[in-house]
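Asks: need coordinates for the following:
(2 chains)
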Protein chains: 2
Amino acid sequence: MRKFSRDHRWLSINTATVRKSRGADLPLTEIIEACARRGIRAISPWRDQVAAAGLDTVARLLRTHGIELSGYCRGGMFTATDAAGLQAARDDNRRAVDEACTLNAACLVLVVGGLPGALAGNAAHKDITAARAQVRDGIADLLEYARKAGMPLAIEPLHPMYAADRACINTLEQALDLCEALDPGPLADHAPRTRAALGVAVDVYHVWWDPKLEQQIARAGQERLLAFHVCDWLTPTADLLNDRGMMGDGVIDIPRIRGWMEAQGFAGYSEVEIFSAQNWWQRDHGEVLDTCIARHRSAV
Amino acid sequence: MRKFSRDHRWLSINTATVRKSRGADLPLTEIIEACARRGIRAISPWRDQVAAAGLDTVARLLRTHGIELSGYCRGGMFTATDAAGLQAARDDNRRAVDEACTLNAACLVLVVGGLPGALAGNAAHKDITAARAQVRDGIADLLEYARKAGMPLAIEPLHPMYAADRACINTLEQALDLCEALDPGPLADHAPRTRAALGVAVDVYHVWWDPKLEQQIARAGQERLLAFHVCDWLTPTADLLNDRGMMGDGVIDIPRIRGWMEAQGFAGYSEVEIFSAQNWWQRDHGEVLDTCIARHRSAV
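Replies: Okay, here's the model as predicted:
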């Protein structure tokens, strides 16, 4: 297992973590500069942040500083109530693939969507099986496009508490069932791929509780383990969305899970992703990034 | 599938639902009287409510009204940091079995516990695998005692958002793995049991999201399906503990899940269990019970 205690070369910052500084929006260009000053070698930006700064500006700035993308956040949201909604999702996801290519991202992360309308508090129906079928179809369609573009897709199973409104793929097992169905991989007599066309993003916050986690990480294997996201589960957790904790402040045994990843050959970044409206977003982003670096060494 | 639309003979009230009336504590004796007046045939009381009213008083009152217990809430909390803690849990769980027998409960529901100390915001460690081993040992020990007493134990898998602090058994599959390991059941050449010594309580709030739910309910079969709890998942959910919704107000397709239960031969009560500090506990308990009756008919 790689030693993280002495440097932060395998730290990536999901830019949601410093979306705000002292409560005010922080532009992506400033986030990138702040990361560069600290020797942070990778980020994972959100599409709205990239759009606000300008795709070409961001691509240029990343090249200037030699910062790479551990992933691009995010595609998905495949569910809808009608054909127009499905088509809009399809078009938007293809644009996400294109942007990910422009930014040379390691993968496009997919948060697949839940019951249509539920995120706005007004679910159109209660049929999660139907939502899952739409997700399957949406990924199958996008996969063709992404494969041609050479952009790996990483399904991110979300914690079951988000099943209704954000993602109806909720365990690593379920995500891998889908990967194997849609992207069976090379035949037995071919050399193994380094990276699958369709794999998973393992976020400890979403999967730490799963009694089958170790088994399913082993099942995924190196080629499908496309991303590793870290933060911590706080006790108590005050808010379902905006109370992700800093590594070391909660109850997740992060090094143990990273060990399971590395046992499969995963050698990528640990991407810190914290939404914390009441806490970290109220602080100065410099302090937050410095804390990420320190905790990456001590708790990841 | 049984028709619930015309009466409420298969409605049970978990007494946490009316623990408070207009914000003030409501004694269990008054809850029982209010249920009896409405022709509610079953309840599932909490141990603290029984203790406050007196075990013998409650037993007598239930007999007077012919009200039965769809379950007794609850045993469990098997995890601890030291031998004294484990012994205290053991003793307390045996008392819970005794009380369940006195009250002639259909089963003792087990909420198994999480990381020791986490419920108080101060987890003693992060080793959920170790906590799960303690749970297994605790159930194995209690099962011997409960079997002699003739009291079935129902493991209630709790939603993964409670894995840290309330229960580290979080899927029906995990619960059934434990059931089969500790209570393998009759040999193939014996008649099937009506009820297993160790089974599960299926609470739709905790399991509705699970992509393997239908499959695992079928695996459980009639003999291990000891209880069925209902409420609803609200979008948004404002609080991790105290925002369980009234049936019909959320996104759970309750009749579908009940159909899966009944396909296995389950013919017991639908037990309404709602914790709702900000909503239902602020109303008059009569209104709450009347709403439970109406929603049992329309949404269960």
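Asks: ranges for the helices of the stretch 101-250 of chain A?
Replies: Assigned by DSSP state H, counting those that start in this stretch, the helices in the stretch 101-250 of chain A fall at A:128-149, A:172-182, A:204-207, A:213-224.
Asks: out of those, which is the most enclosed?
Replies: helix A:204-207 (a mean of 25; mean count of other C-beta atoms under 10 Å in any protein chain shown). The C-beta positions use only the backbone N, C-alpha and C, and glycine is treated the same way.
Asks: what's that helix in contact with?
Replies: A:156-159, A:171-172, A:213, A:228-233, A:244, A:252, A:254, A:257, A:273 (C-beta atoms under 8 Å, 6 or more residues apart in numbering or on different chains).
Asks: any quick ChimeraX command for the buried ones out of those?
Replies: Here is the ChimeraX command that selects the buried residues among the contacts of helix A:204-207 (16 or more other C-beta atoms under 10 Å in any protein chain shown):
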select /A:156,157,158,159,171,172,213,228,229,230,231,232,233,244,252,254,257,273
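Asks: so of the contacts of helix A:204-207, which ones are in strands?
Replies: The strands, defined by DSSP state E, take in A:228-230 from those.
Asks: going by distance to chain B, which of these wins?
Replies: A:Val230 (13.7 Å; C-beta to the nearest C-beta).
Asks: so what's the closest one bridging to?
Replies: A:Val272 (DSSP bridges).
Asks: will you turn the ones in strands among the contacts of helix A:204-207 into a markdown table that also has pLDDT?
Replies: Listed next are those as a markdown table, based on pLDDT from 0 to 100:
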| residue | pLDDT |
| --- | --- |
| A:Phe228 | 98 |
| A:His229 | 98 |
| A:Val230 | 98 |
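Asks: need the helices of the stretch 101-250 of chain A in CSV (columns: mean pLDDT).
Replies: Converted to CSV, the helices of the stretch 101-250 of chain A look like this (pLDDT from 0 to 100):
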stretch, mean pLDDT
helix A:128-149, 98
helix A:172-182, 98
helix A:204-207, 98
helix A:213-224, 97
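Asks: and those as a markdown table, adding distance to A:Asp56?
Replies: Formatted as a markdown table, these follow (distance: least, C-beta to C-beta, whole Å):
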| stretch | distance to A:Asp56 |
| --- | --- |
| helix A:128-149 | 18 |
| helix A:172-182 | 32 |
| helix A:204-207 | 33 |
| helix A:213-224 | 32 |
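Asks: to B:Met261, which of those lies closest?
Replies: helix A:128-149 (16.8 Å; C-beta to C-beta).
Asks: and the angle from the closest one to helix A:172-182?
Replies: 60 degrees (axes from the mean of the first three to the mean of the last three C-alpha atoms, to 10 degrees).
Asks: give me every residue in the stretch 51-200 of chain A lying close to chain B.
Replies: A:115, A:118-119, A:121, A:123, A:126-128, A:132, A:159-161, A:163-165, A:168, A:170-171, A:174 (C-beta under 8 Å from any C-beta of the partner chain).
Asks: and the strand or helix carrying A:Glu287, what does it pack against?
Replies: If you go by DSSP states H and E, A:Glu287 is part of helix A:285-299. Helix A:285-299 sits against strand A:11-14, strand A:20-21, helix A:28-37, strand A:270-272, with contacts defined as 3 or more C-beta pairs under 8 Å, 6 or more residues apart in numbering or on different chains; DSSP states H and E.
Asks: ok, now with 10 Å
Replies: Here helix A:285-299 touches strand A:11-14, strand A:20-21, helix A:28-37, strand A:225-230, helix A:254-263, strand A:270-272, going by 3 or more C-beta pairs under 10 Å, 6 or more residues apart in numbering or on different chains; DSSP states H and E.
Asks: residues in contact with A:Arg22?
Replies: By C-beta atoms under 10 Å, 6 or more residues apart in numbering or on different chains, the contact set of A:Arg22 is A:281-285, A:287.
Asks: show me which of the residues you listed is closest to B:Ile293.
Replies: Nearest member of the contacts of A:Arg22 to B:Ile293, counting by C-beta to C-beta, is A:Trp281, at 45.3 Å.
Asks: quick one on the thing from earlier: return the most buried member of the helices and strands packed on helix A:285-299.
Replies: strand A:11-14 (a mean of 29).
Asks: packing partners for that strand?
Replies: Checking 3+ C-beta pairs under 10 Å, 6+ apart, strand A:11-14 ends up next to helix A:28-37, strand A:42-44, strand A:225-230, strand A:270-272, helix A:285-299.
Asks: next, the angle from the last one to strand A:225-230.
Replies: For helix A:285-299 against strand A:225-230, the angle between stretch directions is 110 degrees (the same axes, to 10 degrees).
Asks: now helix A:285-299 and helix A:254-263, what's the angle there?
Replies: 70 degrees.
Asks: let me see the mean pLDDT of helix A:285-299.
Replies: Mean per-residue pLDDT for helix A:285-299: 98.
Asks: in that helix, what counts as buried?
Replies: A:285, A:288-289, A:291-293, A:295-297, A:299.
Asks: between these, which sits nearest B:Ala220?
Replies: A:Ala299 (38.9 Å).
Asks: who are the contact partners of that closest one?
Replies: With C-beta under 10 Å, 6+ apart, A:Ala299 has these contacts: A:4, A:230, A:232, A:246-250, A:252-255.
Asks: in the stretch 51-200 of chain A, which spans are strands?
Replies: A:68-69, A:72-76, A:108-111, A:153-155, A:198-203 (DSSP state E, counting those that start in this stretch).
Asks: packing partners for the third one?
Replies: Counting contacts by 3+ C-beta pairs under 10 Å, 6+ apart, strand A:108-111 packs against strand A:72-76, helix A:83-102, helix A:128-149, strand A:153-155, strand A:198-203, strand A:225-230.
Asks: the last one versus strand A:72-76: what angle between them?
Replies: In other words, strand A:225-230. 110 degrees.
Asks: strand A:225-230 versus strand A:198-203: what angle between them?
Replies: Using the same axes, to 10 degrees: strand A:225-230 against strand A:198-203 is 10 degrees.
Asks: with the first one instead?
Replies: Interaxial angle of strand A:72-76 relative to strand A:198-203 (the same axes, to 10 degrees): 120 degrees.
Asks: so what does strand A:72-76 touch, helix or strand wise?
Replies: strand A:42-44, helix A:47-53, helix A:83-102, strand A:108-111, helix A:128-149, strand A:153-155.
Asks: distance from the chain centre to the second one, please.
Replies: I take that to be helix A:47-53. 16 Å (C-alpha atoms, centre = their mean, to the nearest Å).
Asks: do the same with the fourth one
Replies: Going by C-alpha atoms, centre = their mean, the spacing between the C-alpha centre of strand A:108-111 and its chain's C-alpha centre is 6 Å.
Asks: tell me the strands beside it, with direction?
Replies: strand A:72-76 (parallel), strand A:153-155 (parallel).
Asks: the closest residue to A:Glu68 other than its chain neighbours - how many residues pack around it?
Replies: Computed as C-beta to C-beta, 6 or more residues apart in numbering or on different chains, the closest residue to A:Glu68 that is not its neighbour in sequence is A:Ala42, at 5.0 Å. A:Ala42 has 23 neighbours, counted by other C-beta atoms under 10 Å in any protein chain shown.
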